[in-house]
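Asker: Please find the sequence and the predicted model below.
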Amino acid sequence: MLAVAVLLTSPYFLAMGGVVTLDTGLTAWTTVAVCAFLLAMAGAQADRRRWMLLAWSAMALAVLSKGLIGIFFPAAAIFLHCLVHRDWRLLAKLEWLRGTALFLAIAAPWFVLVSNANPEFAQFFFVHEHFERFLTKAHRREQAWWFFLPILVAGFLPWMLALAPATLDGWRRERAGTQFPWRRFALLWSAFVLVFFSASGSKLPAYILPIFPVFALVLGDWLARAPPERLWKTVLAAAVLVAIGIALAWGAPGRAGNAWTRELYAAARPWIVAGMAVLALGLVAGALRLRAGAKWKAILVIVVASIVFIDFVEDGYEELAPRQSGQQVAALMKARLDPGTRVYSVGYYDQTIPFYLGRTVTLVAYRDEFAPGLDREPGLGLASIEDFERDWLRPGDAMAIIHPDLLDRLSSRGIAMTLLHRDERRALVRKP
């Protein structure tokens, strides 16, 4: 129950549940795999096979969700456990024959079918999307090695100051004993995922999502045992940090780079500040209840305050939607589009616009993750700005979504365009 409470109070984990990303599916199935494995290790011999087969099934579904890391992460955690504890006997308990057969029966058919239909898929998926993405900066998503650390710490916001003591206590608690050291396994899992993605040449915030449910088990276990007189100081310190965050959020509009962004931040500010104020008050109230020795009441107050905080922040985030999403631009386009209108995305790709538009666009001087598809169907894109200029002039109606900086360059070259919309992220033009 406390592990659930930890996740409910983790703004990053709860917010990511509302984001369309493959990492949530991966996280769901790797969590099932880890928990099934731990139950297999903790249960009687008669139950072990059932739980291990569930773990193999979950790994297969994790692979279908986002690739080989669905099996690589559990395998690495088990290897590290065996290495650290010199317990190679564990490998004999993993139901290799039945598990491998079940894994392949679930995961392999889709890969075979899609590879038959798309001969380039195997190279793109297994080589490019795994090894090249990890080892190179091909997708220009490089960040500092410590990129994920503040995300991890802030992601567990009310308990951020408890991460270190929970980690140390969980590791030391299982120095010896006959039971499987599940806390250490959970910590090895979390550490490996963090180090793996920190070493990668490609970093996005959602990558470390699989850490949260597994580490929440360790943190929840620590909360169950930590004395209230120790916890209240940790919670009160978190309230102070949230109060500092309120001051920073209040000044955010003044730090915006332009008037449009400043207006959006100003509209979002009341929601975000109100949410942070609720959280700060909830943490103070929780700290007072902890000081009085009422741990469960205190945690309930913190959970409720955290959920209200996240809901308020989401409302504030919606005020930023014009900056993050192309929904409004897509609505403007749909009102002017005919079935035969050509739509270009020039040197830029906004993932939201084709979704809201209900149709694909012609990519211009943009490849990125579309490269394999464009290599196979080059007619779906234009390789250069010069190609776009020629195609723009041919008969028929046309519209284009362009990055504002590129629009200025095209306008200086005398290309006839009627501006329909422009903001910090995108410009929409129509052929006169």
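Answerer: Alright, I've got the coordinates. Predicted, not measured: the structure shown is a model, and the values here were computed from it.
Asker: for the residue nearest the centre of the chain, what are its contacts?
Answerer: By C-alpha atoms, centre = their mean, the mean C-alpha position of the chain lies nearest to Ala206, the distance being 1.9 Å. Ala206 is in contact with 16, 19, 21, 23-24, counting by C-beta atoms under 8 Å, 6 or more residues apart in numbering. In this view, the C-beta of every residue, glycine as well, is placed from N, C-alpha and C.
Asker: Give the burial count for the spatially closest residue to Gly381 that is not a sequence neighbour, as a bare number.
Answerer: If you skip the residues right next to it in sequence, Gly381 has Leu363 as its closest partner in space, 4.0 Å away by C-beta to C-beta, 6 or more residues apart in numbering. Neighbours of Leu363 under the rule other C-beta atoms under 10 Å: 22.
Asker: what sits against Leu363?
Answerer: Counted by C-beta under 8 Å, 6+ apart, Leu363 has contacts 344-345, 349, 370, 374, 380-382.
Asker: repeat that with 10 Å
Answerer: 344-349, 370, 373-374, 380-383, 388 (C-beta atoms under 10 Å, 6 or more residues apart in numbering).
Asker: Only the buried subset of those residues, as a PyMOL command please.
Answerer: Only the buried entries of the contacts of Leu363 go into this PyMOL selection, using 16 or more other C-beta atoms under 10 Å:
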select buried, resi 344+345+346+347+348+349+373+374+381+382+388
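Asker: Tell me which helix or strand comes right after the helix or strand harbouring His81.
Answerer: Using DSSP states H and E, His81 maps to helix 69-85. Downstream of helix 69-85, the next assigned helix or strand under DSSP H and E is helix 96-117.
Asker: Who are the packing partners of that following helix?
Answerer: On a contact count with 3 or more C-beta pairs under 10 Å, 6 or more residues apart in numbering; DSSP states H and E, helix 96-117 meets helix 45-66, helix 69-85, helix 121-122.
Asker: Let's see it as CSV, backbone CA atoms only.
Answerer: In CSV, the C-alpha atoms belonging to helix 96-117 read as follows (Å, rounded to 0.1, in the frame of the first residue of the first chain):
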residue,chain,number,x,y,z
TRP,A,96,14.5,-21.6,-19.3
LEU,A,97,12.9,-24.2,-21.6
ARG,A,98,9.2,-23.4,-20.9
GLY,A,99,10.0,-19.7,-20.4
THR,A,100,11.9,-19.3,-23.7
ALA,A,101,9.2,-21.2,-25.6
LEU,A,102,6.5,-19.0,-24.1
PHE,A,103,8.5,-15.8,-24.8
LEU,A,104,9.0,-16.7,-28.4
ALA,A,105,5.4,-17.8,-28.9
ILE,A,106,4.2,-14.3,-27.8
ALA,A,107,6.9,-12.0,-29.2
ALA,A,108,8.3,-13.7,-32.3
PRO,A,109,5.2,-13.9,-34.7
TRP,A,110,4.9,-10.1,-35.0
PHE,A,111,8.6,-9.6,-35.7
VAL,A,112,8.4,-12.3,-38.4
LEU,A,113,5.3,-10.9,-40.0
VAL,A,114,6.5,-7.3,-40.0
SER,A,115,9.9,-8.2,-41.3
ASN,A,116,8.4,-10.2,-44.2
ALA,A,117,6.2,-7.2,-45.1
